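Predicted structure and sequence below. I'll ask about it afterward.
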Amino acid sequence: MSDVHAAHSLPASGNLFKNRFYQTILISNLFLQIGIWVRNFAILMFVTDQTNNDPMAISLISVVEFAPIFVFSFIGGAFADRWRPKRTMIWCDFLSAVSILAVLFALLYGSWETIYLATFVSAILSQFSQPSVMKLFKQHVHPEQLQQGMALFQSLVALFMIMGPALGIFSYHQFGINISIAVMGVAFLLSAVVLFRLPPDIVEDPHKKKNLNLRKELADGFRYVWKSPVLKVLAGAFAIAGFSVGIIQTLGLFIVTERLGQPKEFLQFLMMVNGAAMLVGGALIMTLAKKVSPQVLLAFGMSVSALCIAGMGLSTSIPLTLALQFINGLTMPCIQIGINTLILQWTEQSYVGRVNGVLSPMFMGMMVIMMSLAGVIKKNFPLVEIYCISGLIMLVGAIILIPIFKHKAAPSIVTRATETT
């Protein structure tokens, strides 16, 4: 058997935790989550202290975090299909660590504004690394285990949604920004080291790779999505979901203060309930992964989320709002896992990066646009109306998924992935 053929071989459908690729990705993501959450909250606390709660300076943190995702995801997805994924992921984590080290030196010499660079650079590099993870999932995880694998992956993210804010705040208050920055750099560096455990990259034909054209690849990615009956609908649902989420993304504080009559610090309890629910939801989906189709998961998740969003806008009861937040968090993994599984099922391996690069901006772009308009919307419309409209829009996103229910997993793609098993 040739090296290329061996690299394409997938493990038989068995214990997912015995899969070397999956073990490595989980450990790497553990370090990444530590670095990301320390980064997010230590920087937030630091900027708040440095600027005396200046809203413009604080909002700039979100801009440097989300803007690169929208701008670079197209390019990152195309390059993920051109470059070797293992090498790409290692270099991205290593360069993130180097950039954080540069920020630390700048901080030591008194230029605190460079703190934004830590978020900006790692956000850019993630757009090259994340599609590579998806591509490797396609290569090394059996199709029957994709949904289960995504569920556990999402559970780890949910776990850090519970612990992450406390971890970042603790690091900043106990050790200061310099040590917190160092922790970020070490976390990204350890992730890069762990990734050396990944199976070797598939060596592609160098002549074919040399003749690739980036502009043509980007266009091919859009055409691929447009020609797919499932991916095309998924793109529309992605955009609608981003529109819905973006409207209310920054308004949770007003639910706490205006609708519940609680101090702003109460917002952390909503976040903790949401994270705990996502952890439980991810665990439940792991047990149901082989029994429920990703189409059903996605439509169910969006429908329930629509009702919960509208309900939270209408509620003035703390127990009811917390219950709705829990239910919303419980179904959030349904949306994320359903989307990722559909992308992997309906995309050929050579297009995974580009398809991910086309679909992600559909959600992120609409979310960023609506986040930027949320303040204006809040000044002109009552909070209840905003949340009800957001819920209605999310429900529309669930309804447009109806056409994909007649499509099962793409047999030609799954067959190509498994015929070498």
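All right, it came through fine.

which one's the longest helix in the protein?
The longest helix of the chain (DSSP state H) is helix 146-194.

tell me the mean pLDDT over that one?
Averaged across helix 146-194, pLDDT comes to 82.

Next, report how far it is displaced from the centre of its chain.
Counting by Cα atoms, centre = their mean, to the nearest Å, helix 146-194 is centred 14 Å from the centre of its parent chain.

Use 50 as the first number for this chain going forward.
Sure thing, new numbering starts at 50, so read that last one as helix 195-243.

Show me what that helix is packed up against.
When contacts are defined as 3 or more Cβ pairs under 8 Å, 6 or more residues apart in numbering; DSSP states H and E, helix 195-243 sits against helix 69-100, helix 134-157, helix 164-189, helix 316-337, helix 367-394. Where C-beta positions appear, they are placed from N, C-alpha and C, glycine not excepted.

okay, those in a markdown table with mean neighbour count and distance to Asn405 next?
Below are these laid out as a markdown table (neighbours: other Cβ atoms under 10 Å; distance: least, Cβ to Cβ, whole Å):
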| stretch | mean neighbour count | distance to Asn405 |
| --- | --- | --- |
| helix 69-100 | 20 | 16 |
| helix 134-157 | 20 | 12 |
| helix 164-189 | 23 | 5 |
| helix 316-337 | 19 | 20 |
| helix 367-394 | 22 | 6 |
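
Any chance of a markdown table for the ones you listed, columns distance to Trp275?
Below are those laid out as a markdown table (distance: least, Cβ to Cβ, whole Å):
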| stretch | distance to Trp275 |
| --- | --- |
| helix 69-100 | 30 |
| helix 134-157 | 25 |
| helix 164-189 | 19 |
| helix 316-337 | 29 |
| helix 367-394 | 15 |
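
Compare those helices and give me the one nearest Leu283.
Closest to Leu283 of the helices and strands packed on helix 195-243 is helix 367-394 (Cβ to Cβ; 5.9 Å).

quick one: average pLDDT of that closest one?
87.

who does it touch, helix- and strand-wise?
helix 164-189, helix 195-243, helix 278-297, helix 316-337, helix 343-363, helix 401-429.

export the ones you listed to CSV and tack on distance to Asn89?
Output for the helices and strands packed on helix 367-394, formatted as CSV (distance: least, Cβ to Cβ, whole Å):
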stretch, distance to Asn89
helix 164-189, 8
helix 195-243, 6
helix 278-297, 18
helix 316-337, 12
helix 343-363, 23
helix 401-429, 16
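
Of all the ones you listed, which one comes closest to Phe143?
helix 195-243 (4.5 Å).

got any ranges where the stretch 250-399 of the chain has weak pLDDT?
Applying pLDDT under 70 to the stretch 250-399 of the chain flags residues 251-263, 299, 313-314, 317, 338-339.

how close does Phe454 get to Leu408?
19 Å (Cβ to Cβ, to the nearest Å).

ok, and the closest non-adjacent residue to Phe186?
Nearest residue to Phe186, sequence neighbours excluded (Cβ to Cβ, 6 or more residues apart in numbering): Leu393, at 6.2 Å.

pretty sure that neighbour is in contact with Met183, am I right?
Yes. Counting by Cβ atoms under 8 Å, Leu393 does reach Met183; the two are 6.8 Å apart.

Show me whatever sits in contact with both of these two.
Common contacts of Leu393 and Met183, defined by Cβ atoms under 8 Å, 6 or more residues apart in numbering, comprise Val401.

Ends of stretch 394-407, what's the gap?
From its first residue to its last, stretch 394-407 covers 16 Å (Cα to Cα, to the nearest Å).

mind listing what's buried in it?
Buried residues in stretch 394-407, counting neighbours by 16 or more other Cβ atoms under 10 Å, are found at 394-396, 398, 400-407.

The helices and strands packed on helix 367-394: which one's closest to Leu379?
Nearest to Leu379, of the helices and strands packed on helix 367-394 and by Cβ to Cβ, is helix 316-337 at 4.3 Å.

And the nearest residue to Ser364 once chain neighbours are set aside, how far from His456?
Nearest in space to Ser364, with sequence neighbours left out and distances taken as Cβ to Cβ, 6+ apart, is Thr370 at 4.7 Å. Relative to His456, Thr370 is positioned 37 Å away (Cβ to Cβ).

What is the neighbour count of the nearest residue to Phe315 once chain neighbours are set aside?
Spatial nearest neighbour of Phe315, excluding adjacent residues (Cβ to Cβ, 6+ apart): Val305 at 4.8 Å. Neighbour count for Val305, taken as other Cβ atoms under 10 Å: 21.

List phi and psi for Arg133.
Arg133 adopts backbone torsions of phi -70, psi 120, taken as degrees, to the nearest 10.

Which residues are in contact with the residue nearest to it when sequence neighbours are not counted?
Spatially, and ignoring its direct neighbours in sequence, Arg133 is nearest to Asp250 (3.7 Å; Cβ to Cβ, 6+ apart). Applying Cβ under 8 Å, 6+ apart to Asp250 gives the contacts 56, 133-136.

do that again at 10 Å, thanks
56, 132-137, 181, 185, 188 (Cβ atoms under 10 Å, 6 or more residues apart in numbering).
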